[in-house]
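**Student:** next input, structure requested:
(2 chains)
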There are 2 protein chains.
Amino acid sequence: MSETTEPAAAQAPSAPAPGRESVIDLLGLLALGELLAFERMVFDARLAPDLGRRAALSEAAVGEIRNYRALADRLTELGADPAEAMAPFKEAFRSFDASTSPRDWLEALVKVYLGDAVADDFFRAVAEGLEAGDRALIETVLAETGAADLAAEELRAAVEADPSVTGRLSLWARRLVGEGINRAQGVAAANERLTALIVGGEGTLDALLRRLTRAHQDRMKSVGLNN
Amino acid sequence: MSETTEPAAAQAPSAPAPGRESVIDLLGLLALGELLAFERMVFDARLAPDLGRRAALSEAAVGEIRNYRALADRLTELGADPAEAMAPFKEAFRSFDASTSPRDWLEALVKVYLGDAVADDFFRAVAEGLEAGDRALIETVLAETGAADLAAEELRAAVEADPSVTGRLSLWARRLVGEGINRAQGVAAANERLTALIVGGEGTLDALLRRLTRAHQDRMKSVGLNN
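**Tutor:** Down below sits the predicted model:
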């Protein structure tokens, strides 16, 4: 990547830092993910059985828009326009949401819990390949767990109160993961530069997706769902 | 109101402090208004012409859910359940929103600007009749002007860029006010105790509504709309 022939790599035996463009792609993807997670939680909060829980999910969603702001600020620092950096990924998220619209409060909670958890695993996986500053930003984003905590607590209580919901919600979770993998493959196919950064040490997108899916299965068990 | 016959009123020549129940009614109305203003802004943000402005409206909406929290906490302090205190007003807001769904970004902005402004006037009018602690709470809520500022700025720029939108948006603003007055009258008719607290010194609901409408007309001019 360097225009000189100096052996800079000798001082940094690990993989070279990713190029500015692919970091902008990645931050654009993550920023849009956070913005739309915020919107989705506020929309889906209307499915709550009472106004108290409806407000609680909206309040928890505020953490996501705060994360969006942190990522957008970093994009601006890098000289990128956040809106432009996010635009290439809009259609993938739109089509994911169009095909996974929750029908009730518990389905909405599974989507929050699962979406947040898979996003966190993804954040962790890609952070490994970033420079210290961007890794620190990702750590800040990961520290926000309000929505996932609320969803997990509500789900555990719901499964305990009525174990018969387990089958339906487990099926729904599998469907969310399937649709998510479809969109991820679409985004990867359309963005070579970004994909190279994301898969990094994993070697292939499939390997990364398999790792994320395994982590997801363990997490489903922790709220009483099957995988 | 006192069970004794002591002339307590001699020490407090102004109107007696409102009863706990009517304050709970009022705070429930205000809390639901803030919660739904938050949701509405996040929904309507999708009408934005680009992702940057979409995110900006969602970020500005966070001030409303913060206000909701302050009001809900006060309800809890008073021994009331916020969800229960809000429930009686749900239908009025739902039917207002169903009849005033913005068709584009500028209509959404008018609704934000106007809704916020009229709500603030209303907050100010009712605060006069409350005790010091509740008045201070209302001041905190009023200090939050992020969404209204954003909407006013965007509207002024839009009217300047294309003065032909003025007529359509002015008409839309009048429709919002008309629908708002309808719902306010409905809420007042169904909640005598609350209405007595709200109209307070104004004497009648109509007098209060006239005052709010006049303030609204001045404000419309300030963003370049007619009334």
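
**Student:** rest of the way, CA atoms for contacts and neighbours
**Tutor:** Fine.

**Student:** which positions in chain A make contact with chain B?
**Tutor:** Applying the criterion Cα under 8 Å from any Cα of the partner chain, the portion of chain A that neighbours chain B consists of A:35, A:39, A:42-43, A:50-52, A:55, A:58-59, A:62, A:65, A:82-83, A:86-87.

**Student:** just the buried members of those?
**Tutor:** By neighbour count, with 16 or more other Cα atoms under 10 Å in any protein chain shown, the residues of chain A next to chain B hold A:35, A:39, A:42-43, A:51-52, A:55, A:58-59, A:62, A:65, A:82-83, A:86-87 as buried.

**Student:** looking at the residues you listed, which are in helices?
**Tutor:** Judged by DSSP state H, these include A:35, A:39, A:42-43, A:51-52, A:55, A:58-59, A:62, A:65, A:82-83, A:86 as members of helices.

**Student:** reformat the residues you listed as a markdown table; add pLDDT.
**Tutor:** Below are those laid out as a markdown table (pLDDT from 0 to 100):
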| residue | pLDDT |
| --- | --- |
| A:35 | 97 |
| A:39 | 97 |
| A:42 | 97 |
| A:43 | 97 |
| A:51 | 96 |
| A:52 | 95 |
| A:55 | 97 |
| A:58 | 97 |
| A:59 | 97 |
| A:62 | 96 |
| A:65 | 96 |
| A:82 | 97 |
| A:83 | 97 |
| A:86 | 97 |
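
**Student:** so how far is residue A:174 from residue A:91?
**Tutor:** 22 Å (Cα to Cα, to the nearest Å).

**Student:** out of those two, which sits in the busier spot?
**Tutor:** Shown here are residue A:91 and residue A:174; by other Cα atoms under 10 Å in any protein chain shown, residue A:174 has more neighbours (17 against 12).

**Student:** any idea how far residue A:100 is from the more buried one?
**Tutor:** Distance check for residue A:174 against residue A:100: by Cα to Cα, it reads 11 Å.

**Student:** check residue A:117 too.
**Tutor:** Plainly put, residue A:117 is 17 Å away from residue A:100 if you go by Cα to Cα.

**Student:** who has more neighbours out of those two?
**Tutor:** Set side by side, residue A:117 and residue A:100 show more neighbours around residue A:117, with 20 against 17, by other Cα under 10 Å.

**Student:** against residue A:23, how distant is residue A:140?
**Tutor:** Distance check for residue A:140 against residue A:23: by Cα to Cα, it reads 17 Å.

**Student:** neighbour count for the two, which is higher?
**Tutor:** More crowded of residue A:140 and residue A:23, by other Cα under 10 Å: residue A:23, with 22 against 13.

**Student:** contacts only, for that one.
**Tutor:** A:194, A:197 (Cα atoms under 8 Å, 6 or more residues apart in numbering or on different chains).

**Student:** buried residues, the helix or strand that contains it. List them.
**Tutor:** Element membership of residue A:23, judged by DSSP states H and E, is helix A:20-44. For helix A:20-44, a neighbour-count test (16+ other Cα under 10 Å) marks A:22-44 as buried.

**Student:** show me the shaky parts of chain A.
**Tutor:** Where chain A drops to pLDDT under 70, the residues are A:1-17, A:201-202, A:227.

**Student:** what segments of it are strands?
**Tutor:** For chain A, applying DSSP state E gives no strands.

**Student:** and the helices in it?
**Tutor:** A:20-44, A:51-77, A:82-86, A:90-99, A:105-127, A:132-142, A:146-161, A:165-190, A:192-199, A:205-222.

**Student:** next, the angle helix A:90-99 makes with the first one.
**Tutor:** Counting by axes from the mean of the first three to the mean of the last three Cα atoms, to 10 degrees, helix A:20-44 lies at 30 degrees to helix A:90-99.

**Student:** burial count for residue A:161?
**Tutor:** The tally of other residues near residue A:161 (other Cα under 10 Å) stands at 10.

**Student:** repeat for residue A:162
**Tutor:** For residue A:162, using other Cα under 10 Å, the count is 9.

**Student:** what are the phi and psi values for it?
**Tutor:** Comment: the main-chain dihedrals of residue A:162 come out as phi -150, psi 90, following degrees, to the nearest 10.

**Student:** tell me the contacts of residue A:59?
**Tutor:** residue B:65.

**Student:** so how far is stretch A:128-144 from its chain's centroid?
**Tutor:** 13 Å (Cα atoms, centre = their mean, to the nearest Å).

**Student:** what's next to that stretch, contact-wise?
**Tutor:** The list of residues contacting stretch A:128-144 from outside it, by Cα under 8 Å, 6+ apart, reads A:15, A:17-18, A:63-64, A:67, A:70-71, A:120, A:123-124, A:127, A:197-198, A:200-201.

**Student:** mind doing that once more with 7 Å?
**Tutor:** With Cα atoms under 7 Å, 6 or more residues apart in numbering or on different chains as the contact definition, stretch A:128-144 has outside contacts at A:17-18, A:63, A:67, A:120, A:123, A:127, A:200.

**Student:** any idea how far residue A:100 is from residue A:175?
**Tutor:** Per Cα to Cα, residue A:100 is found 8 Å from residue A:175.

**Student:** swap in residue A:55?
**Tutor:** Here the distance between residue A:55 and residue A:175 works out to 27 Å (Cα to Cα).

**Student:** and residue A:106, by the same measure?
**Tutor:** Using Cα to Cα, one gets 14 Å for the distance from residue A:106 to residue A:175.
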